[in-house]
Every structure is written in C-alpha cells, then in structure tokens.
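Visitor: what's the 3D shape of this:
(one chain, ligands or ions: 3)
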Amino acid sequence: MGTLLGFVRRGPAPEAAGGRKDERVTARSGDLLSFLGGPERLRVLLVGGDQSARNRITDLAEGTGWPTIELAGAVALLDQVDQKNATRDVDVVVRWCSGRLSVADASFVSAVAKRGTHAVVVVGGEGDHGRQARESHRCGAAAYVPGPAPDPAALLVAITNAAQRARLVRRVVDLQSRLAMLLRNAEHARWEYDPTTEQLRVSPHWMELFGDIGDFEHATNLDAWARLVHPEDEQTFLRSIHRFLQEDGALGDLEIRMRTADGTYRWFMVRGVHEMADDGPASRVVGTLTDVTELRERMDHVRAQARLDALTGLPRREVFYERLARAIEVLRDWPDAGYVVLLIEVEGLRRFNESIGHHAGDRVLAALARRFEECVDADTMIARFAGAKFAVLVENVTDFDLGARLADRFDAVARKPVDVDGEHVYVGVSVGITTSERNYRHVDDVISDVSTAASRAKQLSRGTKKRSFSTNMRMEALTKMRLEMALREAVEREEFDLHFQPIVSLVTGRLTGFEALIRWESPTRGRISPAEFIPIAEATGLILPIGRWAIRQAAKTLRWFVDHHPAAKALGVSVNLSARQVADPDLLHGVARVLNETEIDPENLKIELTESVLMDNMDEVVALLTSLRELGVKIWVDDFGTGYSSLSYLHRFPVDGLKVDKTFVDGLGPDPTDSSVAMVRTMVSLSEQLGVDLVAEGIETQEQADFLRRLGCSAGQGYFFGRPCPADQALALLRQERGASVG
Ligand code: C2E
Ligand code: CA
Ligand code: CA
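Guide: Ligands and ions are numbered 1, 2, ... in the order given. Now for the predicted structure:
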C-alpha cells in the first residue's frame with residue numbers, strides 16, 4: 001500500500017517494503033515503540049494449519065509473560081481473511097503451510113502485506129527452506145520460520161517482531177492521515193464533539209470567528225452552537241447534526257449561516273467525521289467549519305450570469321459573451337480548438353406583430369429557438385442575442401465549413417411554417433458567420449464581424465441568406481461608420497446637389513419632365529452614390545433633413561426652369577420619398593410651404609414612393625397620400641413590380657402613375673424573356689384600368705424603347721435618353737428640345 005511504501009522510504013534504507021529490510025525497520029521501530037506504547041497483547045490470526053499448529057500458537061501464548069500472544073482466530077481458507085471480522089483487531093497473520101510454499105500462498109502473502117496494516121509470518125512446511133524464505137520475503141512477509149514443526153522461540157521472535165512492525169506502520173499511517181487532515185483544514189475552524197459527555201470543543205480559529213460567546217473557551221454543548229446559527233437554518237442544522245451523530249457516515253454538505261463576532265451572518269460549511277480509533281469506531285466526532293460566503297456569492301453570480309432568456313429558454317447574451325471569451329482564451333493554449341460563431345437574424349416578424357398581434361413574434365421566436373437547438377449537438381451554445389437575433393458558438397472545430405452547413409440547416413428549419421393562433425406564419429433568416437481563423441483577441445471584434453456578415457447576408461435575395469465575414473467587409477463597415485459621420489457634416493454644410501434625368505414620351509420622343517436625383521459631393525471623399533448613402537441616411541434618420549432639402553430644391557429648380565423657359569410650365573419634376581419620410585409629421589406642411597414659396601403648379605410635382613413603402617404602413621400612407629393629393633401633388637409608385645405586394649392592392653391607394661422597374665426593362669433586350677414581356681403587358685393593362693400613367697425606367701437601348709412603345713408603354717427614362725445631369729444642363733436640354741419641337 002502506498003502509505004507503507006511511504007513510510008519505508010522515509011526510513012534509512014529506501015527500498016521496497018520487503019522483508020529483507022525488516023531488521024532495520026524494527027530497530028528503528030524499537031525507539032518509537034516506547035514512545036507509542038509497546039504492545040502488551042498480540043493477536044494472531046492463523047491461516048491454514050491443523051489442530052497441532054493451533055496448539056503450537058496457543059502454547060506460545062501460555063509460555064510467555066510478555067508480550068501476551070493470543071490466537072484471535074483460525075481460518076482454513078485464504079479468502080476468509082478478507083472478511084472484515086477475520087482481520088479486525090489482528091496484529092499478525094500467520095500463514096501455516098502444510099507442504100511447500102505454493103503460488104497461492106505467495107499471492108496471499110503479497111495481498112496481505114500490500115495492505116500494510118498486518119504483518120505476515122510464513123511457517124514453511126517442507127522443501128528448500130532457504131529458497132522459501134527468500135520467496136516469502138520477496139512477497140512482503142515479515143518473517144519466515146521453517147516447519148513443519150517450528151522452533152517455538154524462533155516462532156515467538158518472528159511473531160513479536162512482525163507485530164511490532166505492523167503496529168508501528170498502522171500508527172504512522174494513522175498519524176500521516178491525521179496530519180494530512182490537519183494540514184488540509186489549516187484555515188478551517190475545528191470542532192470536536194463527544195456524544196457521551198455531550199461536550200463540544202472548538203479551536204482558537206473558531207473563537208476568532210465567533211468571538212468569546214457562551215462557554216466556547218471551555219467545553220460547551222450543541223445548544224450553544226445552535227444559538228449562533230441563523231434562525232432560518234437552525235432546524236436544518238439540528239436535524240443534520242443529530243442524524244450524523246446517530247449514523248456512522250460523514251457530515252459533508254451542510255451549509256448554514258452563523259452569526260460572526262462582528263454581528264454579521266456568514267455562510268459556513270460544516271463537515272464532520274466519526275473519529276476512528278485503533279480498536280473500532282470511537283464515540284468522538286471531529287469536524288471543521290469553513291467560511292463559504294465568498295464561494296456562495298461567486299456561485300450566485302455564476303447562476304445569475306447563467307440566467308436564461310424567459311421567452312426562448314436559451315442562455316442570454318451575457319452568457320454567450322462569457323463562453324466566447326473563454327473560447328478565445330482556450331485557443332491561445334490549444335491552437336487546435338477552433339470555433340465558429342454564427343449570428344442568426346429572423347426576418348419578417350414585424351408584419352405578424354402588426355397583423356396578428358405582438359405575441360405572434362414571440363411565439364415564432366420560441367418555436368425557432370427549439371428548432372435551432374435541434375440542429376446542433378449539446379456542446380454547441382445557442383443564445384438569444386437580442387430581439388430577433390440568435391447567436392451560436394461551436395467549439396473544437398477543425399472543419400470551418402461547418403459554419404456554412406449549419407447556416408443552411410438553420411435556414412431550412414426556419415422556413416417551415418410556425419403555427420400561431422391556427423395561422424401558418426412564415427419567416428426567413430439571414431446568417432452571418434465568422435471563425436477563429438481570424439485570430440480574434442476580443443469578444444467585441446467577433447461580434448462586430450459576425451454582425452457585419454449578418455447584415456450583408458440580409459441583402460442577399462436568393463437561396464440561404466448566409467455570408468461569412470471577410471476583411472473586405474470590415475473595411476466596408478468601417479467606411480460606413482465614417483460615412484455616417486461625414487453625412488452628418490454634409491447636412492450641416494449642404495454638400496448636396498440635385499441632378500435631373502429626362503423623362504420622355506415613347507410615342508413622340510418629347511421631354512415630359514425630369515426625375516430629381518440627389519448627389520453628394522464630399523470635399524474629402526469625392527462623389528458618393530445615393531445607393532450608398534441613402535440607406536445610411538435612412539438608418540440614422542438623417543434622411544429627414546436631406547429629404548426636405550431635396551423636395552425644396554426640386555421645386556426651386558422647376559421654378560428656375562419655368563423662369564428661364566416657358567415650356568417648362570408643362571414639365572414635371574419627380575422627387576423620391578423614402579420610408580422614414582412618410583412618418584415625418586412635418587412632411588405635408590413642408591410640401592405645402594414649398595408649393596407656396598415657389599408658386600409652381602402643384603400638378604408638376606411628382607412624389608415617388610416604392611411599393612414596399614406603400615405596403616408597410618398602409619393606413620398611414622393612404623391618409624398621407626390623400627392629403628398630398630389634396631395639395632394637388634401627384635403620387636407615383638417607384639420600382640413597380642419588385643415588391644411582394646400583389647397588384648390588386650393598388651386600387652386602395654390614391655396613385656397617379658407607375659414606374660416600371662428597370663429589371664423588367666432589362667428583360668426586353670434582343671432576346672426578350674417571357675416573364676418580362678408578360679409583366680410589362682400586365683402593367684400596361686393595369687395602368688389603363690386604373691387610369692394612371694406609366695413610365696419605364698432604365699432604358700438603355702433603342703430596342704428597349706421600341707419594344708416598350710409596342711407594348712403600349714407611353715413614357716420612358718434611362719441612359720438611352722439621357723443621364724442625370726446638373727440643372728443648367730437640364731435647362732440646356734430643354735432649350736434644345738424646345739428648339740426641335742418648334743422647328
Ligand atoms: P430610383 O428612384 O429608382 O432612381 C433611378 C436610379 O436609376 C438612379 O440612380 C438613376 O441614375 C438610375 N438610372 C436611370 N437610368 C438608368 C439606366 O438606363 N441604367 C442604369 N443602370 N441606371 C439608370 P441613382 O441616382 O444612383 O439613385 C439611386 C436611388 O437613390 C434612387 O433610385 C432613389 O431610390 C434614391 N434617391 C435618389 N435621390 C433621392 C432623393 O432625393 N431622396 C430619396 N429619398 N431617395 C433618393
Ligand atoms: Ca425614383
Ligand atoms: Ca426607380
């Protein structure tokens with residue numbers, strides 16, 4: 001046994017616990033024996049041997065004064081020794097061999113010797129005693145006595161020496177374990193309790209903790225202890241301690257609050273064991289008291305951190321951050337422990353919140369949470385990141401394509417309908433992906449990149465909307481931030497300009513008006529396309545001042561045209577209006593004021609709204625458009641045919657014209673697509689039914705212009721007729737055209 005080996009190693013002859021060294025051990029043990037109290041009574045367990053063997057042992061016992069030798073028992077079978085009762089209180093095991101030392105004998109000796117608490121004496125039967133002695137010692141026997149009729153004196157010496165050694169070893173083992181416990185418990189307060197006397201004793205550290213309360217200095221009792229326990233924990237304390245005293249198990253996980261010397265309550269873990277004496281269990285119990293207040297606070301903190309999102313039952317964002325931080329940390333030590341992070345954004349919830357009710361969105365998110373969980377294994381973390389966003393962390397990844405595969409899986413399960421109040425609700429997701437291949441050092445960088453990737457994914461229109469982050473995107477994201485700042489300055493400094501693109505009659509080829517398109521000339525960044533900055537202006541709300549400026553500028557320019565050419569009186573100017581502007585409470589008032597100031601014919605101001613703007617807030621929009629129309633302004637539907645709305649909704653809106661989107665015009669090339677032709681035909685007949693005008697956008701070739709005219713589209717706009725140009729060039733165009741029409 002380890003402890004025995006430990007003891008022998010500490011002795012002067014550091015060798016295995018073999019019998020060869022027993023003289024030295026015994027010599028040393030002699031000194032110690034007087035200190036430990038010498039053996040007065042040796043108990044022998046005889047294994048094997050017949051009646052005469054038993055008699056020889058008994059004779060030994062009778063023939064000596066000191067020590068007294070006692071036959072504790074005799075068993076025939078080796079495995080009976082293992083029974084607890086057989087070895088209890090035994091000092092020496094004597095293996096009495098009737099014949100030669102067999103293999104079974106040798107392994108028995110080894111097994112008992114290894115345990116370290118019993119010495120083994122072998123009495124050899126017949127055969128080569130020298131060889132058998134060596135073999136016995138090799139197996140760990142304390143002594144070998146030649147038989148079959150051993151010399152009583154030799155047997156007595158062998159048993160006495162062996163017993164002394166065994167006792168010594170037992171004591172040392174015991175001392176070692178007590179010492180170990182003492183060391184382990186150095187920072188703990190200790191207590192000892194004797195149930196027979198009902199006395200409780202406590203260590204000085206206990207006194208420090210709880211002060212000189214009661215009679216702790218001297219022996220006291222459990223009641224005094226109980227008085228220190230928090231009233232709410234008192235019952236638990238008493239119940240646990242009494243149960244512990246009655247059984248012989250250990251007291252391990254009792255946690256109670258106790259009042260400390262400064263009057264505050266702190267949490268303590270109470271531990272206790274029944275003390276074992278050499279001869280069976282002692283009545284005393286000993287234990288410790290450990291302050292676990294901090295530990296509990298830390299645990300509480302951890303639990304709070306682990307709090308789950310109430311709606312989905314998934315971990316919350318904070319938990320995700322922690323786990324991700326750890327993954328980043330782990331990667332420093334184990335470069336192979338890669339990870340993949342996904343950000344899933346659920347799209348289209350707003351529609352259902354508005355139509356079915358706010359619980360609809362919640363229902364969908366909770367259902368999707370379950371589905372997403374089923375897509376991954378238990379080690380993968382899915383968290384509710386924010387509103388309609390879920391974050392996923394897969395650790396120990398070596399195949400980084402996993403991210404894309406997971407995105408496909410999430411997309412597939414999200415597409416299946418969710419049942420809300422008996423209605424089938426359909427949503428979609430866009431997924432951003434990034435991986436540890438990018439060598440992240442901070443959680444924030446991971447989140448920033450995966451968010452960028454997710455918003456890029458959102459812009460995709462086909463297949464799984466998933467994008468993996470690329471450095472390129474980070475640059476763009478950075479640019480976006482700078483762009484936003486620059487845009488704010490641009491509003492203040494009025495760095496904008498309007499360009500005008502001609503709109504012509506496809507029948508006569510004559511100019512019917514212009515579309516005003518905003519241009520931004522940044523002093524530091526040069527010309528920036530509206531496709532780039534309008535979305536940012538919308539997201540930041542800067543579109544409101546910009547949009548107001550555009551309407552005013554368009555009207556003023558038309559005034560300027562009219563002032564410079566009378567023919568301009570018949571021309572229209574189209575201005576674009578974005579979604580945020582529809583909700584601008586000042587819009588209507590602003591338009592009215594502009595009409596007043598510029599004194600242009602209200603009919604010549606055309607406001608373009610996209611289909612999606614119309615569909616998003618139908619009631620509000622209808623009210624606004626009706627009011628605008630009352631001012632005399634015309635309403636046009638921009639990018640017509642691209643939205644998801646059905647054409648049948650159109651009659652609900654007060655609309656004056658439709659702009660056929662460029663995508664359909666593109667389809668009217670030399671090899672016209674059936675769908676484009678069909679779509680344009682439908683729009684033409686729809687415009688006729690509704691009595692509204694039609695303009696085709698993005699015409700780039702003569703062919704397209706001819707085709708559209710043949711299909712019945714009356715007006716067009718596009719690079720074929722002219723690119724957007726500054727106001728003075730537009731006026732020049734009008735003069736040129738005016739000349740042409742006159743001539
Ligand atoms: P939109 O209203 O659909 O404007 C038409 C866009 O198509 C313009 O892009 C125009 O330059 C471009 N275009 C015209 N003909 C052709 C052609 O033959 N081929 C091609 N490839 N493109 C053609 P632009 O000027 O870059 O404007 C982009 C978008 O920015 C506009 O799309 C509109 O939604 C928005 N926008 C422009 N000005 C304003 C504004 O003052 N206010 C608001 N709210 N949005 C604006
Ligand atoms: Ca437009
Ligand atoms: Ca358009």
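Visitor: CA atoms for contacts and neighbours, from now on please.
Guide: OK.
Visitor: and the residue of the stretch 551-700 of the chain found nearest ligand 1, what element?
Guide: Nearest to ligand 1 in the stretch 551-700 of the chain, going by CA to the nearest ligand atom, is residue 698, at a distance of 3.4 Å. Under the criterion DSSP states H and E, no helix or strand holds residue 698.
Visitor: With adjacent residues omitted, what lies nearest to it?
Guide: Excluding its sequence neighbours, the residue lying closest to residue 698 (CA to CA, 6 or more residues apart in numbering) is residue 718, at 4.2 Å.
Visitor: residue contacts, the one you found?
Guide: With contacts defined as CA atoms under 8 Å, 6 or more residues apart in numbering, residue 718 is in contact with 501-503, 697-700.
Visitor: any idea how far residue 502 is from it?
Guide: Separation of residue 718 from residue 502 (CA to CA, to the nearest Å): 8 Å.
Visitor: if we can go back for a sec, dump the contacts of residue 718 into a markdown table; add pLDDT as well.
Guide: Rendered in a markdown table, the data for the contacts of residue 718 read as follows (pLDDT from 0 to 100):
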| residue | pLDDT |
| --- | --- |
| 501 | 98 |
| 502 | 98 |
| 503 | 98 |
| 697 | 97 |
| 698 | 97 |
| 699 | 97 |
| 700 | 96 |
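Visitor: what's the closest of those residues to residue 548?
Guide: Nearest to residue 548 among the contacts of residue 718, counting by CA to CA, is residue 501 at 19.7 Å.
Visitor: Give the bridge partners for that closest one, please.
Guide: Partner residues in beta bridges with residue 501, using DSSP bridges, are residue 515.
Visitor: ok, it - how many residues close by?
Guide: 24 (other CA atoms under 10 Å).
Visitor: got a list of what it touches?
Guide: Listed by CA under 8 Å, 6+ apart, the contact set of residue 501 reads 514-517, 717-718, 722-725, 730.
Visitor: how close does it get to residue 512?
Guide: Distance, residue 501 to residue 512, using CA to CA: 11 Å.
Visitor: What residues of stretch 361-369 count as buried?
Guide: By neighbour count, with 16 or more other CA atoms under 10 Å as the criterion, the buried positions of stretch 361-369 are 361-369.
Visitor: still on that earlier bit, the residue of the stretch 551-700 of the chain closest to ligand 1 touches residue 662, doesn't it?
Guide: Yes - judged on CA atoms under 8 Å, residue 698 makes contact with residue 662 at a distance of 4.8 Å.
Visitor: For whatever residue of the chain ends up closest to ligand 3, list the residues it contacts.
Guide: Ranked by CA to the ion, the top residue of the chain for proximity to ligand 3 is residue 639, at 4.3 Å. Residue 639 makes contact with 610-611, 659-662 under the criterion CA under 8 Å, 6+ apart.
Visitor: Could you measure from the closest residue to residue 349 other than its chain neighbours over to residue 111?
Guide: Taking CA to CA, 6+ apart, and ignoring the residues beside it in sequence, residue 349 has residue 361 as its nearest neighbour in space, at 5.4 Å. When distance is defined by CA to CA, residue 361 is 70 Å away from residue 111.
Visitor: can you check residue 701 too?
Guide: From residue 701 to residue 111 the distance is 101 Å (CA to CA).
Visitor: cool, residue 437 as well?
Guide: Here the criterion is CA to CA. By it, residue 437 lies 56 Å from residue 111.
Visitor: which one of the two has more residues nearby?
Guide: Set side by side, residue 437 and residue 111 show unequal neighbour counts under other CA under 10 Å, the larger going to residue 111 at 15 against 11.
Visitor: name the element that one belongs to?
Guide: For residue 111, the element it lies in under DSSP H and E is helix 103-115.
Visitor: what's the next secondary structure element after that helix?
Guide: Counting by DSSP H and E, the element after helix 103-115 in chain order, helix or strand, is strand 119-124.
Visitor: Tell me which strands that following strand pairs with, and in which orientation.
Guide: In the sheet, strand 119-124 lines up against strand 92-96 (parallel), strand 143-146 (parallel) (DSSP bridges).
Visitor: Now mean neighbour count too, for the ones you listed, in TSV please.
Guide: Output for the strands paired with strand 119-124, formatted as TSV (neighbours: other CA atoms under 10 Å):
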stretch	mean neighbour count
strand 92-96	27
strand 143-146	24
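Visitor: would you list those strands in JSON lines and tack on mean pLDDT and distance to ligand 3?
Guide: Compiled in JSON lines, these are given as follows (pLDDT from 0 to 100; distance: least, CA to the ion, whole Å):
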{"stretch": "strand 92-96", "mean pLDDT": "87", "distance to ligand 3": "103"}
{"stretch": "strand 143-146", "mean pLDDT": "88", "distance to ligand 3": "106"}
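Visitor: I'd like to know which of those strands is closest to residue 738.
Guide: Proximity to residue 738 (CA to CA) singles out strand 92-96 among the strands paired with strand 119-124, at 128.4 Å.
Visitor: tilt between that closest one and helix 103-115?
Guide: Using axes from the mean of the first three to the mean of the last three CA atoms, to 10 degrees, the inter-axis angle of strand 92-96 relative to helix 103-115 is 170 degrees.
Visitor: Please compute how far strand 92-96 lies from its chain's middle.
Guide: In terms of CA atoms, centre = their mean, to the nearest Å, the centre of strand 92-96 is set 62 Å apart from its chain centre.
Visitor: Run a quick neighbour tally on residue 475.
Guide: Per other CA under 10 Å, the neighbour tally for residue 475 reads 11.
Visitor: Which residue ranges make up the domains of this structure?
Guide: 4-182, 186-298, 316-469, 491-738 (automatic domain parsing).
Visitor: could you dump those to CSV with distance to residue 475?
Guide: Below are the domains of the chain laid out as CSV (distance: least, CA to CA, whole Å):
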stretch, distance to residue 475
domain 4-182, 61
domain 186-298, 41
domain 316-469, 10
domain 491-738, 14
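Visitor: And these, which one averages the lowest pLDDT?
Guide: Set side by side, these give their lowest mean pLDDT on domain 4-182, at a mean of 67.
Visitor: follow-up on the earlier one: name the member of the contacts of residue 639 with the most neighbours.
Guide: Neighbour tally across these (other CA under 10 Å): the maximum, 25 neighbours, falls on residue 660.
Visitor: right, and that residue touches residue 699 too?
Guide: No - under the criterion of CA under 8 Å, residue 660 makes no contact with residue 699, lying 10.4 Å away.
Visitor: Does residue 692 touch residue 655 like I think?
Guide: Yes - contact between residue 692 and residue 655 holds when scored by CA under 8 Å: they sit 7.2 Å apart.
Visitor: Name the residue in these two with the higher neighbour count.
Guide: Set side by side, residue 692 and residue 655 show unequal neighbour counts under other CA under 10 Å, the larger going to residue 655 at 21 against 14.
Visitor: and the more buried one, what does it touch?
Guide: Taking CA under 8 Å, 6+ apart as the test, what residue 655 contacts is 634-637, 692.
Visitor: again, only using 10 Å
Guide: Applying CA atoms under 10 Å, 6 or more residues apart in numbering to residue 655 gives the contacts 608, 622, 625-626, 629, 634-637, 690-693.
Visitor: Just the buried ones from the residues you listed?
Guide: Judged by neighbour count, with 16+ other CA under 10 Å as the criterion, the buried members of the contacts of residue 655 are 608, 622, 625-626, 629, 634-637, 693.
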